[in-house]
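*Asks:* heads up, no residue letters with this:
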Ligand SMILES: [Zn+2]
């Protein structure tokens with residue numbers, strides 16, 4: 001597989017990390033090899049045969065280590081990315097015609113699933129780190145959500161992964177404001 005679009009690769013990495021969601025009754029969104037296959041296909045990652053149990057375990061381990069790219073402090077962010085791509089089955093190559101040249105990455109098709117996925121996700125996140133800066137790679141602040149996201153706001157002010165979590169945050173703030181008032185009313189009675 002030829003990796004050209006590193007934005008898409010970073011998006012795949014984030015979606016993979018977000019397949020563990022403590023807001024759900026069962027947080028594990030990749031419970032089986034077939035769920036993994038469905039997830040990968042839906043995200044444009046080629047899988048020619050059913051992943052094995054071992055593939056699934058390795059992908060979950062990859063997911064945990066990629067999470068550090070968002071959850072850890074800056075130096076560890078780089079380490080987590082570098083670990084993912086250090087042994088990745090990938091060959092960089094430059095090619096082109098006229099003025100249109102590009103750097104692409106050929107990922108070995110016969111490498112193990114988790115290794116191919118590590119290559120694509122690692123390249124995507126490496127590119128995101130250098131393009132946007134480590135402080136823009138964040139984890140949602142609305143507990144128990146742990147989703148990761150890219151904060152592209154002007155002043156780095158975004159704290160939540162989605163509109164859903166923004167609403168949860170303002171609902172919680174609203175409840176917190178209501179509580180003391182209710183207590184004050186009861187005291188007056
Ligand atoms: Zn969230």
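*Replies:* Done, it's in. Fair warning: this is a prediction, and the values are worked out from it, not measured in the lab.
*Asks:* C-alpha only now, for contacts and for neighbours.
*Replies:* Will do.
*Asks:* Can you list the buried residues in stretch 51-70?
*Replies:* Using 16 or more other CA atoms under 10 Å as the burial criterion, the residues of stretch 51-70 that qualify are 51, 55-56, 58-60, 62-63, 65-70.
*Asks:* now that stretch: mean pLDDT?
*Replies:* If you average the pLDDT over stretch 51-70, you get 96.
*Asks:* what does stretch 115-127 give?
*Replies:* Per-residue pLDDT over stretch 115-127 has a mean of 95.
*Asks:* Tell me the residues of this protein that contact the ion?
*Replies:* Contacts of the chain with the ion, taken as CA under 5 Å from the ion, map to 140, 145, 161, 165.
*Asks:* hang on, the earlier thing: and the buried residues of stretch 51-70, which of them are in helices?
*Replies:* Those of the buried residues of stretch 51-70 mapping onto helices are 55-56, 58-60, 62-63, 65-70, per DSSP state H.
*Asks:* Kindly indicate which of these lies nearest residue 37.
*Replies:* Nearest to residue 37 among those: residue 56, at 9.4 Å, using CA to CA.
*Asks:* who touches that closest one in this structure?
*Replies:* Counting by CA atoms under 8 Å, 6 or more residues apart in numbering, residue 56 makes contact with 32-33, 36, 114.
*Asks:* Now with 10 Å, please.
*Replies:* Contact analysis of residue 56 by CA atoms under 10 Å, 6 or more residues apart in numbering lists 30-37, 62, 113-114.
*Asks:* Now, the residues you listed that are in helices?
*Replies:* 33-37, 62, 113-114.
*Asks:* roughly how far out does stretch 3-21 sit from the chain middle?
*Replies:* Per CA atoms, centre = their mean, to the nearest Å, the displacement of stretch 3-21 from the mean C-alpha position of its chain is 5 Å.
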